[in-house]
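*Asks:* build me a model from this:
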Amino acid sequence: MIEIKPAQVTLNSICKCGSKDLIFGEIIWQGQHVCVDIICKKCNKNFLQNIPIGQSLLETRLVDKGTKSVYKLDWQPSKDAWLNKPLLSILTPVKDDILINVQINTHYKKIIILNCLEFVYGHALLVLLNLQRIIKLNSNSTLGIVVIIQPMFKWMLAQEGIAEIWTINTSFKQMTYYNECLNISIHKELQRFEQVFLSHGHLIPTNTPINIQEFTKIPPFNFDIPPTRPRVTFIWRQDPGRIWIRNIYILKGFEKLGFKKILLPFHYLRIVTLFFFLKKEFGDRFIYTVAGFGKWMLFPKFITDVRTNDFNDDTERFLCQIYSESQLIIGVHGSSMILPSAHAGMCISLMPSKRWGNFAEDILFSPSETDARVGAFQKRIIPINLCIFDIIDICINMLKGRMYFLQKFKHSNEL
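*Replies:* Alright, predicted model coming up:
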């Protein structure tokens, strides 16, 4: 954790001129980025540096306020447009009214803040899951835990162990901007405390499995007491980067041409084909389900369609219940697989080309998967460009072969 009050924040910074003789000034809350304003005593250059929390743990950046350019720590240009935009927004602030709802459960004078504000849903969710580790480590501490979140995540917060919840009434898109009112409001709240720390808020929240029931209140799939008819579920997304298309160059080409919707029928037909062959193999043993965001096209009657165009607390809970009834979930890699993988018995994440650097970021393992080999059997990441019949074979093997696979790991205490 990083102390930001009463101590002055100091970072491992160096000016472009090579000087380390710097003046560290005010903290600026952009949202995802919490930055420090810095002035070089030698050359008087004024720049910003983001404090290493969340994504900034991996992507520490400098913003030259004079040239309005973003750099890495070695002052080489940053070419990450998705990261640069919210940082540069600090130089062109907006002043829209923004509502902060402060819920105080327990009064503390010293706090640690978990900042979950993000413009990417999956990143925000993963940062939020740090709470499992933070609450456990903080159980005997004099620090109160303060969570800063957007409204869509509040339903996942338990009251126990959390001192305060600050809900920022803002969308993901708005988090790409810098709102002065947000910065002022957060600083105003901080005046109530004698000492304030920032949690690092890792994007991979913990090295141990996540007990998802602590967040959603919905127990994951239980192989010992399965539903009478468990589900096999496909997670539907219809945004261009997350549809089931084998060739990434075709996908990117149609997206650039503005014809991305032309590919949706192929996405749809692959899902129908998958379920057709699974039903041919298993009959009515499973409920074949499609869930997720977007309701393009109607599915055949043998497929239960629980997709939605409107996510809210009730639909989130309902979908998590669907996930928890699923013996197997399949979907394209991305943030939409995080909660499904945590609740389902098993899952397959279809990894697009050029996304392997994000390996396993969308998969949550459960506390029951203590043996790495069992976890590898139940939570799989495979290339999206595999032939669909190979993927169907993998699904069938996972559904039919799990019990036989587990028998290999049953050992007696005899020599």
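
*Asks:* find the centremost residue of the protein, please.
*Replies:* Nearest to the mean C-alpha position of the chain, by Cα atoms, centre = their mean, lies residue 122 at 2.3 Å.

*Asks:* please compute how far whatever helix or strand that one lives in lies from its chain's middle.
*Replies:* Assigned by DSSP states H and E, residue 122 belongs to helix 121-128. Relative to its chain's centre, helix 121-128 lies at 3 Å (Cα atoms, centre = their mean, to the nearest Å).

*Asks:* repeat that for stretch 65-81.
*Replies:* On the basis of Cα atoms, centre = their mean, stretch 65-81 sits 26 Å off its chain's mean C-alpha point.

*Asks:* neighbouring contacts of it?
*Replies:* Stretch 65-81 has contacts (Cβ atoms under 8 Å, 6 or more residues apart in numbering) with 13-14, 16, 45-48, 59-64, 83-84, 87-88, 91. (C-beta placed from N, C-alpha, C; glycine too.)

*Asks:* just the buried residues of stretch 73-82, please?
*Replies:* Neighbour counts over stretch 73-82 (16 or more other Cβ atoms under 10 Å) mark residue 78 as buried.

*Asks:* on that earlier part again, which of the contacts of stretch 65-81 count as buried?
*Replies:* 13-14, 45, 47-48, 59-64, 83-84, 87-88.

*Asks:* beta partners for residue 27?
*Replies:* Residue 27 has these beta-bridge partners by DSSP bridges: residue 36.

*Asks:* hang on, the earlier thing: what's the closest residue to the residue nearest to the centre of the chain other than its chain neighbours in contact with, if anything?
*Replies:* Spatial nearest neighbour of residue 122, excluding adjacent residues (Cβ to Cβ, 6 or more residues apart in numbering): residue 335 at 2.5 Å. The contact partners of residue 335, taken as Cβ under 8 Å, 6+ apart, are 120, 121, 122, 123, 125, 362.

*Asks:* got TSV for these, with pLDDT too?
*Replies:* Listed next are the contacts of residue 335 as TSV, based on pLDDT from 0 to 100:
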residue	pLDDT
120	88
121	90
122	89
123	90
125	93
362	90
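
*Asks:* give me the neighbour count for residue 15.
*Replies:* Counted with other Cβ atoms under 10 Å, the neighbours of residue 15 add up to 20.

*Asks:* for the residue nearest to it when sequence neighbours are not counted, give me its contacts.
*Replies:* Leaving aside its chain neighbours, residue 15 sits nearest to residue 40 (3.9 Å; criterion: Cβ to Cβ, 6+ apart). Shown in contact with residue 40 (Cβ under 8 Å, 6+ apart): 15, 17, 19, 21, 22, 23, 46, 47.

*Asks:* list the buried residues for the strand or helix carrying residue 38?
*Replies:* In this structure, residue 38 sits in strand 34-40 according to DSSP H and E. Across strand 34-40, burial judged by 16+ other Cβ under 10 Å covers 34, 35, 36, 37, 38, 40.

*Asks:* show me where the stretch 1-150 of the chain has helices.
*Replies:* With DSSP state H, counting those that start in this stretch as the criterion, the stretch 1-150 of the chain has helices at 81-88, 121-128, 131-137.

*Asks:* list of residues touching the shortest one?
*Replies:* Residues lying outside helix 131-137 but in contact with it, judged by Cβ under 8 Å, 6+ apart, are 112, 114, 145, 147, 157, 161-162, 199, 205-206, 208, 210-211, 214-215.

*Asks:* distance check, the residue lying closest to residue 26 once chain neighbours are set aside against residue 29.
*Replies:* Distance criterion Cβ to Cβ, 6+ apart; nearest residue to residue 26, sequence neighbours excluded, is residue 37 at 5.2 Å. According to Cβ to Cβ, to the nearest Å, residue 37 stands 12 Å off from residue 29.

*Asks:* do residue 174 as well
*Replies:* 13 Å.

*Asks:* ditto for residue 236
*Replies:* In this view, residue 236 and residue 29 are 35 Å apart by Cβ to Cβ.

*Asks:* show me which of these two is the more surrounded one.
*Replies:* Using other Cβ under 10 Å, the more surrounded residue of residue 236 and residue 29 is residue 236, with 27 against 23.

*Asks:* same for the helix or strand encompassing residue 339, what does it pack against?
*Replies:* Assigned by DSSP H and E, residue 339 belongs to helix 338-343. Under the contact criterion of 3 or more Cβ pairs under 8 Å, 6 or more residues apart in numbering; DSSP states H and E, helix 338-343 touches helix 121-128, helix 313-324, strand 326-332, strand 346-351.

*Asks:* for residue 274, which of these is the nearest?
*Replies:* strand 326-332 (7.1 Å; Cβ to Cβ).

*Asks:* list the buried residues in that closest one.
*Replies:* For strand 326-332, by 16+ other Cβ under 10 Å, it's 326, 327, 328, 329, 330, 331, 332.

*Asks:* what about the residue lying closest to residue 14 once chain neighbours are set aside, distance to residue 4?
*Replies:* Leaving out its chain neighbours, the residue that sits closest to residue 14 by Cβ to Cβ, 6+ apart is residue 20, at 5.4 Å. Per Cβ to Cβ, residue 20 is found 21 Å from residue 4.
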